[in-house]
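In: Sequence plus predicted model, see below.
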Amino acid sequence: MLLSATSNKTIEIFINQFTFKPKKSIVVPLNGDSKVVIQELPELIHTVDVQNELGEGVVWNEATSTIWWTDIERSTLFEYHLASDRLKTWDTPHRVGCFGFVENDHRLIVAFDCGIAFFDLSTGAVQWLYGPDILAYGLRFNDGKIDPFGVFWAGTMVEKPEVAKVFGSLYCIDSQNTLTEHISNITTSNGLCWSPDGSILYHADSPRQTIWRYRYDPEKNTITDKETFAKTGEGMFPDGSTVDCDGGVWNAHWGGAQIARYRHDGEKSLVLEVPVDLPSCVAFGGDDLNLLLVTTARLSLSDSRLKKRPKSGSLLIYRTNFQGLPASRFKLQK
């Protein structure tokens with residue numbers, strides 16, 4: 001294969017791990033300052049067979065070296081310790097759309113389907129911040145996470161379009177417990193993540209098959225300069241996202257059986273085919289933050305399809321040559 005370049009640029013090539021197994025990226029110089037970077041595709045190293053109906057909200061807990069996620073439809077939280085293969089679950093009083101860890105506190109901050117609260121796993125106590133039942137009928141909280149500055153964000157979705165009279169929104173709640181609506185007219189809020197420096201917010205509305213980006217000013221609590229970042233292909237819907245330390249945006253393509261990594265300009269730099277139809281959320285974890293954690297779903301799949309896709313509903317763990325960022329924690333009022 002002959003590769004050449006006349007302008008100063010970098011070309012990334014990803015090859016199947018079964019063909020070639022470099023331990024790290026290989027850089028091949030071309031003409032001038034141009035180069036080709038050969039990367040190994042992420043490799044599936046472990047599957048946690050939990051048969052989630054709708055696995056979502058995966059996050060790595062650095063303090064305990066564990067993976068956390070929710071099965072929304074079964075109102076269950078999961079904690080998995082990879083080194084010991086130990087799995088722990090909690091039943092929750094309401095469906096959990098998304099959640100995060102709290103700084104210097106053992107509780108979680110949770111967007112239940114009907115409102116936002118602190119949730120004590122040891123006692124089951126729920127301390128409502130907004131709710132329950134703050135949402136219009138037919139809506140529920142869905143995707144969300146904590147931004148690099150310790151603010152909790154959660155978006156809503158139209159769960160029952162036949163009765164919902166309004167659309168969903170994207171909210172944030174800060175250390176003063178102030179709830180702010182940032183985006184409205186959303187059908188299914190998803191794909192929330194931030195650039196490594198926190199200056200750019202990414203957000204998707206799944207049925208519109210579009211990921212947008214905004215300028216984010218945490219001091220003013222504003223998002224501005226909306227622009228289209230990327231569009232998914234036919235039959236693929238942007239679901240949960242994460243960002244690596246190089247600023248690449250990873251998104252689970254619901255219905256597309258793939259995870260895509262997007263460069264800063266919105267172009268795909270990597271497409272990872274996964275053994276499920278419905279990948280739902282991604283995050284980086286592991287002690288080196290180089291493991292890609294993928295939740296998946298079985299929801300709406302036929303028995304015949306599940307036989308062909310037996311890993312549906314599992315947590316998938318991939319080893320990558322990329323490194324993620326530590327999960328932020330919600331900052332309490334001092």
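Out: Here it is on my side, so go on.
In: what does the longest strand along the chain rub up against?
Out: Longest strand in the chain, counting residues (DSSP state E): strand 222-231. With contacts defined as Cβ atoms under 8 Å, 6 or more residues apart in numbering, strand 222-231 is touched by 182-183, 201-202, 209-217, 238, 249, 251, 262, 266, 268. Where you see a C-beta, it was placed from the backbone N, CA and C, and this is true even at glycine.
In: what mean pLDDT does the next helix or strand after that strand have?
Out: As assigned by DSSP states H and E, the chain's next helix or strand after strand 222-231 is strand 237-243. In this model, strand 237-243 has a mean pLDDT of 99.
In: now strand 237-243 and strand 222-231, what's the angle there?
Out: Taking axes from the mean of the first three to the mean of the last three Cα atoms, to 10 degrees, strand 237-243 and strand 222-231 form an angle of 120 degrees between their directions.
In: related to what we said a few turns ago, note down every partner strand of the longest strand of the chain and its orientation.
Out: Within its sheet, and counting by DSSP bridges, strand 222-231 is paired with strand 210-217 (antiparallel).
In: Now tell me what touches the partner strand from outside.
Out: Contact with strand 210-217 is made by 147, 191, 194, 198-204, 222-232, 238, 241, 249, 251, 262, 266, as judged by Cβ under 8 Å, 6+ apart.
In: 6 Å instead?
Out: Residues from elsewhere that reach strand 210-217 (Cβ atoms under 6 Å, 6 or more residues apart in numbering): 191, 200-204, 223-226, 228-231, 238.
In: do stretch 324-332 as well
Out: With Cβ under 6 Å, 6+ apart as the criterion, stretch 324-332 contacts 59-60, 62, 100-103, 109, 146, 148, 150, 152, 175, 244-245, 284, 289.
In: which among these end up buried?
Out: The neighbour count (16 or more other Cβ atoms under 10 Å) marks 59-60, 100-102, 109, 146, 148, 150, 152, 244, 284, 289 as buried among these.
In: Could you list which of the residues you listed belong to strands?
Out: 59-60, 100-101, 109, 146, 152, 284.
In: in the protein, which ranges drop under the pLDDT threshold?
Out: For the chain, the stretches with pLDDT under 70 are 1-39.
In: rerun that using 50 as the cut-off
Out: 1-28, 30, 35-36 (pLDDT under 50).
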